[in-house]
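> Okay, predicted coordinates and the sequence, questions at the end:
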Amino acid sequence: AGSSVGGKIANPGAKMMTVMMQCRTAAVRSFLRARHVASVHTRTFSTLGDTFEKKGKVEEDRHFRAQQEAQLEKIRAKILEEKAKAAAEEAEATFQNEVEPVIGELQSILDEAGETLSHDALAKIALWKIEK
């Protein structure tokens, strides 16, 4: 730095440069410190934001899965209903093709004998005869 000769500073500009460098260094350090603190807070807030966003995404996914599951249940119920309807139609077709001719036979036998039975009774006897 500057040396004094007889109470005067030999190079006053050097002393001033040193003071300016110290001020500049202090300002840079202060700026960097503030920037570091800001980045830490920004990271904290962005991390919190990411966390809330992820939780929101999880809740949204859960909601969509529940909706899809409800739709699947409706589809499954409809399929089971259609299968039951098809089975009922098949049973009716079987009844018409196999049981009705037997009921006709039984009815003709009863008519010859002069007897009568209800249609339900004739159907039960016909089923019994077919199963044998």
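Yep, it's here.

> Distance of Ile79 relative to Lys85?
To Lys85, Ile79 is 11 Å away according to Cβ to Cβ, to the nearest Å. The way it works is simple: take the backbone N, C-alpha and C, and place the C-beta from them, glycine included.

> any idea which helix is longest in this structure?
Counting residues, the longest helix found in the chain (DSSP state H) is helix 12-94.

> Packing partners of the next helix or strand along the chain from it?
On the C-terminal side of helix 12-94, the closest following helix or strand by DSSP states H and E is helix 100-113. In terms of contacts (3 or more Cβ pairs under 8 Å, 6 or more residues apart in numbering; DSSP states H and E), helix 100-113 is packed against helix 119-131.

> Name the residues of the helix it packs on that come out as buried.
For helix 119-131, burial by neighbour count (16 or more other Cβ atoms under 10 Å) applies to Leu122, Ala123, Ala126.

> From the contact counts, what lies against that helix?
Using 3+ Cβ pairs under 8 Å, 6+ apart, helix 119-131 is in contact with helix 100-113.

> what is the orientation angle of the helix it packs on with helix 119-131?
Helix 100-113 runs at 120 degrees relative to helix 119-131, counting by axes from the mean of the first three to the mean of the last three Cα atoms, to 10 degrees.

> List the buried residues in stretch 87-104.
Applying 16+ other Cβ under 10 Å to stretch 87-104 flags Val99, Val102, Ile103 as buried.

> Can you give me the first-to-last residue distance of it?
25 Å (Cα to Cα, to the nearest Å).

> Measure how far the longest helix of the chain is from the centre of its chain, please.
15 Å (Cα atoms, centre = their mean, to the nearest Å).

> how much does that helix deviate in direction from helix 119-131?
100 degrees.
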